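Novice: Dropping the sequence and predicted coords here.
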Number of protein chains: 2
Amino acid sequence: MSVTIKDVAKAANVSVATVSRVLNKHSNVSEEAYERVTKVMEQLGYSPNHLGRDLRKSETKRILAITASAEQSFYSEVLRGMEEAAFAQGYDVLFAATRDDPKHEMHLLNMLFSHSVDGAVLLGAKQDAATISKLAENHNIALCLERMEGCNVLTVTIDNVKAGKDAVSYLIGKGHRRIGLISTETRSQSSVDREKGYRLALEEHGIPYDEELVYLGSYETESGTTGCKYLLGLDDPPTAIFAISDMIAIGAMNYAISKGVNIGKDVIFFGFDNIAYSHIFVPHLSTVEQPCYAQGKLVIEKLIENMKSGIPDKSIYMLPHSLVLRESTGD
Amino acid sequence: MSVTIKDVAKAANVSVATVSRVLNKHSNVSEEAYERVTKVMEQLGYSPNHLGRDLRKSETKRILAITASAEQSFYSEVLRGMEEAAFAQGYDVLFAATRDDPKHEMHLLNMLFSHSVDGAVLLGAKQDAATISKLAENHNIALCLERMEGCNVLTVTIDNVKAGKDAVSYLIGKGHRRIGLISTETRSQSSVDREKGYRLALEEHGIPYDEELVYLGSYETESGTTGCKYLLGLDDPPTAIFAISDMIAIGAMNYAISKGVNIGKDVIFFGFDNIAYSHIFVPHLSTVEQPCYAQGKLVIEKLIENMKSGIPDKSIYMLPHSLVLRESTGD
DNA sequence: CTTTCCTGTGAAATCCTTTTCATTAAGCTG
DNA sequence: CAGCTTAATGAAAAGGATTTCACAGGAAAG
């Protein structure tokens, strides 16, 4: 149906080899032939069939990024980092969503096994560590944003333990001793790590861990609201609240506002992620900022490095985070 | 390097044709051969190379969805609709971002020309109508969310003119006669259409159009803030404000709040998109809801229909929108 | 003037499947 | 039992590119 390299060759009166050489900017092709071929390609509206090329070269120059859903707003910066780093090296990044379904994640990973893409980056994997480790033995795989305990695979993330600890230490530094934690029932590594940070901070300052001050819900804003209602309803309520995500923190603040709490004075709040809304929502939210763009960029750079070298680097890279202080902590 | 169909054939002591038949669940293969082949495939850990298959069949069963950036939060529902509709028919949807660059959009569209995907959906195209029309002649292309004036291509969207008109008519119905409009300088079709709706509503109620009441900015929240500051600073300020997006409306309300305006009474606000934050932000925002999931689903269904039939349907499908009334309009 | 070395080129192999076509063997019909 | 159909299979072509290898012809070197 469509124009092939053969048609071009015939029309330009050269062999397909020569057309291919023109296509790939090889050196050994005469000025004259080059002109003739490019002109014919133009005339016929020739567009090379990548499938042929990919099959022959066993390489697609494409990387798949797998996310749970497209929803998480801070993904967008990560994806931009990936996209730009890839493009700089002649790769394209394609995104696909697992719909939170491990089976569908495996279906998408199949694009890797079937040579439809050269590599894959998982932003929050749904398979278990053993499965991922095994896949990483034979395929170019990387994790981003979420590390996996005991998984031997290239990973780019932040130090969520330290980040959680930093946030809570800041609250303690402001003189607070009863600090609430709103986290998730889902045991994602980042939640677990941030909780661990919370505990370490308390420990370091000689504050006993009180299970009563910990609320586990979902990632939804509403869960933050419920959590805050629970915490502020305690006999001895906290004067500071750390939420493991901004969405949750905003939900929590919403409840506090509705109860007439003076945020930043009566109770202070700390979130995580520095999403756009954290400085749109009033009062502006203090939060942990993670280098989204940089993580996306680095994971692609390292992955491509792996694909080229053949000696895969399976290190865990932890990029630095920072605290962003705003009204919700009275700053 | 990896296991091919040949290796399987040899190990199972059959021809590659038979292996292929097993792979594709053809009928004419004996029980015994079937068993033997599947067992060998298992043992060798065989995974068919899709590139070979795709090349032979000239079909990838993959559709590319092109967005400006991954940022727009309401994209996620559209993408989910696309994903699920595609999966139901054995297709995968991959997403890629143009970074707002027309050149990069064309680069991505090249995946279509080079047979790397079977079809493409543009969520807000950056090329001009003539270019898209021409591409649509030879390729399976569709537009979603944003229609293009004078473009002969399959399109799934909502009636933005009517939606804008409905929103503004509602404001008028509440007794308001000075109605501000915050839109974008970018002349995207949806902005243009919503503005047109604004004008039609005024006209229909005999309210003269006053250019002073129209502020054009960007899609950013901050632009809403600036716009609101401008509008409320007028000698004869509006008592109702229609913003062409929720993000802008929230920015606008933020300014109003900071000035002590009683939202829902002194000034009422109407947004567009019904993003998650429109009912998290206090006061909750009245807005136009568009059927995101349904649009994504329909565009994929129609596109696949086109791919199969060969007689492309290039209609414009407009799905119904609805008004969501909340505190910002005093409801 | 012969030998060697480039340069430019084309024929053919290759990548991995699917699919067509031919062939064999077995089962059925009359 | 001859003649037909059907089921199961394999050999080989096809799909569209890249790449290897061989070769021709001209230039440079001796």
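Specialist: Looks like it came in fine.

Novice: what does the stretch 51-200 of chain A put close to chain B?
Specialist: A:51-52, A:54-55, A:58, A:60, A:62, A:64, A:69-71, A:73, A:75-76, A:79-80, A:83-84, A:87, A:92-97, A:99, A:104, A:108, A:110-111, A:113-116 (C-beta under 8 Å from any C-beta of the partner chain). All C-beta atoms are positioned from the backbone trio N, CA, C, and that covers glycine.

Novice: 6 Å instead, please
Specialist: With C-beta under 6 Å from any C-beta of the partner chain as the criterion, the stretch 51-200 of chain A comes near chain B at residues A:51-52, A:54-55, A:70-71, A:73, A:76, A:79, A:94-96, A:113-116.

Novice: quick one: which of these sit in helices?
Specialist: The members of those that map onto helices under DSSP state H are A:51-52, A:54-55, A:76, A:79, A:113.

Novice: In those residues, find the pair that's most separated.
Specialist: A:Gly52 and A:Ser76 (34.4 Å; C-beta to C-beta).

Novice: of these two, who's got more company?
Specialist: A:Ser76 (23 against 16; other C-beta atoms under 10 Å in any protein chain shown).

Novice: where does A:Gln290 land on pLDDT?
Specialist: pLDDT for A:Gln290: 95.

Novice: Can you pull out the residues in contact with stretch A:170-189?
Specialist: Residues outside stretch A:170-189 that contact it (C-beta atoms under 6 Å, 6 or more residues apart in numbering or on different chains): A:146-147, A:191, A:195, A:198, A:205, A:207, A:213-216, A:219, A:224, A:227, A:231, A:238-244, A:248.

Novice: Tell me the most packed of the ones in helices among the residues of the stretch 51-200 of chain A next to chain B, by neighbour count.
Specialist: Counting neighbours by other C-beta under 10 Å, the top entry in those is A:Leu79, with 27 neighbours.

Novice: Tell me the one of the ones in helices among the residues of the stretch 51-200 of chain A next to chain B nearest DNA strand C?
Specialist: For DNA strand C, the closest of these turns out to be A:Leu55, at 4.1 Å, with distances computed as C-beta to the nearest atom of the strand.

Novice: what's the distance between that closest one and A:Ala86?
Specialist: 22 Å (C-beta to C-beta, to the nearest Å).

Novice: repeat for A:Arg199
Specialist: 38 Å.

Novice: neighbour-wise, which of those two wins?
Specialist: Each of A:Arg199 and A:Ala86 has its neighbours counted (other C-beta under 10 Å); A:Ala86 has more, 25 against 17.

Novice: so the more buried one makes contact with A:Glu301?
Specialist: No - assessed by C-beta atoms under 6 Å, A:Ala86 is found out of contact with A:Glu301, at 8.9 Å.

Novice: What values do phi and psi take at A:Asp128?
Specialist: For A:Asp128, the backbone dihedrals (degrees, to the nearest 10) come out as phi -90, psi 170.

Novice: Check what pLDDT it gets.
Specialist: For A:Asp128, the predicted pLDDT is 93.

Novice: now A:Ala70
Specialist: 61.

Novice: So which bits of chain A are right by DNA strand C?
Specialist: Residues of chain A lying close to DNA strand C by C-beta under 7 Å from any atom of the strand are A:13-18, A:21, A:27-30, A:32-33, A:52, A:55-56, A:58.

Novice: Pull out the buried members of the residues you listed.
Specialist: The neighbour count (16 or more other C-beta atoms under 10 Å in any protein chain shown) marks A:14, A:18, A:21, A:29, A:33, A:52, A:55 as buried among the residues of chain A next to DNA strand C.

Novice: residue contacts, the third one?
Specialist: The contact partners of A:Arg21, by C-beta under 6 Å, 6+ apart, come to A:Val29.

Novice: just checking, it is part of a strand?
Specialist: No - counting by DSSP: H, G, I helix; E, B strand; the rest coil, A:Arg21 is not found in a strand; it is helix.

Novice: ok, it to chain B distance?
Specialist: Distance of A:Arg21 to chain B, computed by C-beta to the nearest C-beta, to the nearest Å: 19 Å.

Novice: what residue ranges in the stretch 1-150 of chain A score low on pLDDT?
Specialist: Within the stretch 1-150 of chain A, the set of residues satisfying pLDDT under 70 comprises A:1, A:70-72.

Novice: Appreciated, that's everything.
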